[in-house]
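Peer 1: The sequence isn't on hand, but the structure is:
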């Protein structure tokens, strides 16, 4: 499973940020590792310099083997909260997807 972290021009993408979020994804999605080829995470700050609530965005796209990509989006006041929300959504979606396949 390859993990790719992307940021927009308003968020500074550091090696530390990439390492932390990649590690969290690998830990959280470990049980799906053989069923996923790639995970892409996109971070964005929709208002740039201006302050507003829920302006940080995290989009996670997971590419399961032989299935259509699964994409989730979460908005929050911090990158960490947006990431946690999106990760929870993608875990739930993957669990549902693979359980449906198993029952058929």
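Peer 2: Noted; the coordinates are in hand. Given the structure is predicted, the values throughout are model-derived calculations rather than measurements.

Peer 1: average pLDDT across the helix or strand harbouring residue 92?
Peer 2: Here residue 92, judged by DSSP states H and E, is contained in helix 79-103. Taken as a whole, helix 79-103 carries a mean pLDDT of 93.

Peer 1: From the contact counts, what lies against that helix?
Peer 2: In terms of contacts (3 or more Cβ pairs under 8 Å, 6 or more residues apart in numbering; DSSP states H and E), helix 79-103 is packed against helix 15-28, strand 36-45, strand 56-64, strand 70-76. For every residue, glycine as well, the C-beta is placed using N, CA and C.

Peer 1: Distance to residue 102 and mean neighbour count added to these, as JSON lines?
Peer 2: Putting the helices and strands packed on helix 79-103 into JSON lines (distance: least, Cβ to Cβ, whole Å; neighbours: other Cβ atoms under 10 Å) gives the following:
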{"stretch": "helix 15-28", "distance to residue 102": "20", "mean neighbour count": "14"}
{"stretch": "strand 36-45", "distance to residue 102": "16", "mean neighbour count": "18"}
{"stretch": "strand 56-64", "distance to residue 102": "13", "mean neighbour count": "20"}
{"stretch": "strand 70-76", "distance to residue 102": "16", "mean neighbour count": "17"}
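
Peer 1: Distance to residue 95 and mean pLDDT for those - can I get that in CSV?
Peer 2: Below are these laid out as CSV (distance: least, Cβ to Cβ, whole Å; pLDDT from 0 to 100):
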stretch, distance to residue 95, mean pLDDT
helix 15-28, 11, 92
strand 36-45, 13, 95
strand 56-64, 12, 96
strand 70-76, 11, 96
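
Peer 1: Nearest to residue 89, out of these?
Peer 2: Among the helices and strands packed on helix 79-103, strand 70-76 comes nearest to residue 89, with 4.1 Å by Cβ to Cβ.

Peer 1: Now for the residue most central in space within the chain: which residues touch it?
Peer 2: With distances taken as Cα atoms, centre = their mean, the residue of the chain nearest its centroid is residue 60 (2.9 Å). Counting by Cβ atoms under 8 Å, 6 or more residues apart in numbering, residue 60 makes contact with 25, 39, 40, 41, 42, 71, 72, 86, 87, 89, 90.
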